[in-house]
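In: Just to be clear, the model below is a prediction. Sequence and coordinates:
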Amino acid sequence: MPTINPFTVLRESAYFFSHNLLPIARLCLPLLLLEGLLRQQLADSSLQLAPEASELLVTLLCYPLYSAALILFLHARSQQLPAAPLQLLSQALQLWPRFALLAGLSTLLIMLGSYLLILPGLWVMLRLLFAEYLLTLDGLAPLAAMHASFRLSRGYFWLCAVCIFSVMPPLWLLDWWSFQQLGEHPDALAQILLDAGNGFLQLFVSVVGYRLFMLRRQQPASDASAA
């Protein structure tokens, strides 16, 4: 099997994302807007929640829906299958309990690693990169998907690191910079729209992850050594 080239992964992912902007927007933007609205409402409510708890609650409510729908869309397009938005959202809704549990467990592990040092948190995040695809496409339970992701990413840690960290820091920087432009007292609607827009751009990370996942599955199991 040929070696996976990070540049090829990024190029093919960018091509797919740019040529499917409208279908992805129709599928995911409504949920991203809902996520921004819930985040805003929760911030303005009388509930005394820590910012981290509030963010985690909103994320667990919305992230599994649009992420699972996007993964199903990516798979349908790659297999040249029908990808009707309502059908994909219906399937994503059925996956929500397991996906939310996976997202919660992954977040806790990454946070635990980050509390120890930043690098262990990043290591955990990259080793769990394939878990969402395994749960969504292979029907694995959350813990089984996490275990399978660790196994599948063995020997491919640095490839995943190069691809993901070529994309995420610029998106994080854009997210930070754009919110700085809103000022100290931003308009609620502008904040929701900007939140949804930045969230939409960050879906590109899932596209890169999916491409890595599919290429990795084409590699022989015996070629991976410990990362």
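Out: Yep, it's here.
In: from memory residue 61 sits against residue 37, does it?
Out: No: the pair residue 61 / residue 37 is not scored as a contact, 11.3 Å apart, by Cβ atoms under 8 Å. Where you see a C-beta, it was placed from the backbone N, CA and C, and this is true even at glycine.
In: elements contacting the lowest-mean-pLDDT helix or strand in the chain?
Out: Between all helices and strands in the chain, the lowest mean by mean pLDDT, DSSP states H and E belongs to helix 118-127, at a mean of 85. For helix 118-127, the contact count by 3 or more Cβ pairs under 8 Å, 6 or more residues apart in numbering; DSSP states H and E identifies helix 85-116, helix 157-165 as packing neighbours.
In: Least reliable of those by average pLDDT, please.
Out: For these, mean pLDDT drops lowest on helix 85-116, to a mean of 91.
In: got the angle for that helix vs helix 118-127?
Out: Interaxial angle, helix 85-116 versus helix 118-127 (axes from the mean of the first three to the mean of the last three Cα atoms, to 10 degrees): 150 degrees.
In: What is the burial count for residue 172?
Out: 12 (other Cβ atoms under 10 Å).
In: Ok, residue 123 next?
Out: 16.
In: residues in contact with it?
Out: Residue 123 makes contacts with 113, 157, as judged by Cβ atoms under 8 Å, 6 or more residues apart in numbering.
In: Residue 89 too?
Out: Counted by Cβ under 8 Å, 6+ apart, residue 89 has contacts 27, 65, 69.
In: swap in residue 93?
Out: Going by Cβ under 8 Å, 6+ apart, the list of residues near residue 93 reads residue 65.
In: And the helices in this structure?
Out: Using DSSP state H, the helices of the chain run over residues 6-19, 21-44, 51-78, 85-116, 118-127, 131-138, 142-152, 157-165, 168-180, 188-217.
In: So which of the contacts of residue 89 is surrounded by the most neighbours?
Out: The most neighbours, when the contacts of residue 89 are compared by other Cβ under 10 Å, belong to residue 69, which has 25 neighbours.
In: Could you measure from it over to residue 202?
Out: Residue 69 sits 15 Å away from residue 202, going by Cβ to Cβ, to the nearest Å.
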